[in-house]
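J.: Got a predicted structure plus its sequence, pasted below:
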Amino acid sequence: METTLIEQHYGLLWSIFDMIDDMVFIVRADERGFHYVWANQKACRTVGTNHLAGKRFEDVLPPTQAVKLEAHYKQAAQMKTTFVYEDEIDTPFGRKSYETVLTPFVLPNDAHLWFVAVVRDITERKVREWELQKLKERLEASEERYRTFLEHLPGAVLVFDQDGIIIYANTGAVQLFGAKQKSEIVGVPIRNICCGVDDTVWETCWKDELSFIEKVHTLDDRTIYARMAFSPIEYGDKTAVQVVMLDVTERVHYEEQLKYLAFHDALTGFPNRRLFLDVVRESIEEAKQTNDQLAIVYIDMDHFKEVNDTFGHDMGDQLLKRFAQRVKENIEPNAIPCRMGGDEFLLLLRGVMNDLDIEKKVYKLHQSMQKPFFINGHKIVVTTSIGIAIYPWHGSTAKELILHADQALYRAKAKRNHYQFYSQEAKQAAK
């Protein structure tokens, strides 16, 4: 009767329902409760019987499952609309997860409520969801360990997003930038924090890892040097860039000091012979282009040994520093002084016009040394002997000019407290 009734209306659907991979049940509710009217082949195979028509839920299912299923149908009946729910059921094939789309409907000339239930096996989907959830939990735990690790790093770690906004800063970043709390850094454009970085870095860092040392101005108005390492990363579900920064200010200053000492005299601060030769070579190349003259002035302090012998080497060092200071005060800004060692100094005069111009400059320096030095209560009188060689007349290379200035100095020292230009006579006298 019931099957005949529904077949009159939906008989054409049966063949279609039998072709789909989901289970389809037709259920009718009456005074006896809920009972099956029809099921497609997939439903019959899953339940394990081809004789579902007329059977109630409890006739087919274990009591607990029957009670739960009836509750779902009652809810759909009250809602009078399609109701979707998920369930886990123990089957001969193991525990399965199902999604049911339950739709109540009525037939003409029948006062009772009917239901069509389309049941889909979603076990594989649930397994995938479970695996994804576990993976998410592992990733979250990994990220938490990563954050904990970053918090204990001695350096600063910043992470910024594709808009260039800082989305993470560790405690080391707060300390390095002189901030009071992370909120002073997080949410700020990275370019505001690392304002000295070249613009090309902000494009390249999304593709490649970068590492370099850059000057950084901190929030508490300090200037430091930081080694920056940029790396593109996945941060949560975002593509981001991580910047690890280490304060290398002391190291940079130490390297600068070493570089300075490699090219300067430690006592006077003047360039040493190595740097002086480089400057003279460069100046000669420039003079070739401009047809300018240069002069190498070789200076020797007269009677310096007597000062050392009388007052000691500490006093001699003080005298050398005062002597160097007086040289610096009596030369033009573009002149380059050099301490060769002991009491010998060199001077490069650039942009000189002629011999008379050179002599005026040397004379001024020579006269300044006639004044005594007062050191630790002692009056010390020293004079200077000076030799001069001119580019291009007295030589075309740095070494040649220094040699000829030294030969001129040799002749000047014969008279003491005197200056002498290079000449053939000076060359012969130095032999």
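T.: Cool, the structure landed. Note that the structure is a prediction, hence the values are computed from the model and not measured.

J.: Next up, the contacts around the residue nearest to Lys238 when sequence neighbours are not counted.
T.: Spatial nearest neighbour of Lys238, excluding adjacent residues (C-beta to C-beta, 6 or more residues apart in numbering): Asp161 at 5.9 Å. To be clear about C-beta, it is placed using only N, CA and C from the backbone, and glycine gets the same treatment. Residues in contact with Asp161 (C-beta atoms under 8 Å, 6 or more residues apart in numbering) are 167, 235, 238-240.

J.: at 10 Å instead, please
T.: The neighbours of Asp161, taking C-beta atoms under 10 Å, 6 or more residues apart in numbering as the test, are 167-168, 190, 235, 238-241.

J.: Which segments of the chain make up each domain?
T.: 2-121, 153-251, 267-430 (automatic domain parsing).

J.: I'd like to know which of those domains lies nearest to Leu135.
T.: Closest to Leu135 of these, according to C-beta to C-beta: domain 153-251, at 12.8 Å.

J.: If you average the pLDDT over that closest one, what comes out?
T.: Domain 153-251 comes out with an average pLDDT of 89.

J.: how close does Gly312 get to His378?
T.: 11 Å (C-beta to C-beta, to the nearest Å).

J.: what's the overlap in contacts for these two?
T.: Common contacts of Gly312 and His378, defined by C-beta under 10 Å, 6+ apart, comprise Gln318.

J.: And the two? Which one has more around it.
T.: Applying other C-beta atoms under 10 Å to Gly312 and His378 shows that His378 carries more neighbours, namely 14 against 11.

J.: Leaving out sequence neighbours, find the closest residue to that one.
T.: Phe311 (6.5 Å).

J.: Check the gap between the one you found and Gly341 for me.
T.: When distance is defined by C-beta to C-beta, Phe311 is 20 Å away from Gly341.

J.: Pro392 now?
T.: For Pro392, the distance to Gly341 equals 27 Å [C-beta to C-beta].

J.: got the contact list for His418?
T.: Contact analysis of His418 by C-beta under 10 Å, 6+ apart lists 302, 366, 383-387, 409, 411-412.

J.: Show me just the buried residues among the residues you listed.
T.: Among these, those classed as buried by 16 or more other C-beta atoms under 10 Å are 302, 366, 384-387, 409, 411-412.

J.: one step back: looking at the domains of the chain, which one has the lowest mean pLDDT?
T.: The weakest mean pLDDT among the domains of the chain belongs to domain 2-121, with a mean of 84.

J.: and stretch 111-124, C-alpha only, in PDB?
T.: Output of stretch 111-124 as PDB, limited to C-alpha atoms (Å, rounded to 0.1, in the frame of the first residue of the first chain):
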ATOM      1  CA  ALA A 111      -2.100  13.000   6.200                       C
ATOM      2  CA  HIS A 112       1.100  11.400   7.300                       C
ATOM      3  CA  LEU A 113       4.600  12.900   7.100                       C
ATOM      4  CA  TRP A 114       7.200  11.400   4.900                       C
ATOM      5  CA  PHE A 115      11.000  11.800   4.800                       C
ATOM      6  CA  VAL A 116      13.700  11.300   2.200                       C
ATOM      7  CA  ALA A 117      17.100  10.800   3.800                       C
ATOM      8  CA  VAL A 118      20.300  11.000   1.700                       C
ATOM      9  CA  VAL A 119      23.100   9.600   3.700                       C
ATOM     10  CA  ARG A 120      26.800  10.000   2.500                       C
ATOM     11  CA  ASP A 121      29.800   8.200   3.900                       C
ATOM     12  CA  ILE A 122      32.200  11.000   5.000                       C
ATOM     13  CA  THR A 123      34.600   8.800   6.800                       C
ATOM     14  CA  GLU A 124      37.500   9.700   4.500                       C
END
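
J.: Report the distance from that stretch to the chain centre.
T.: Distance, stretch centre to chain centre, for stretch 111-124: 58 Å (C-alpha atoms, centre = their mean, to the nearest Å).
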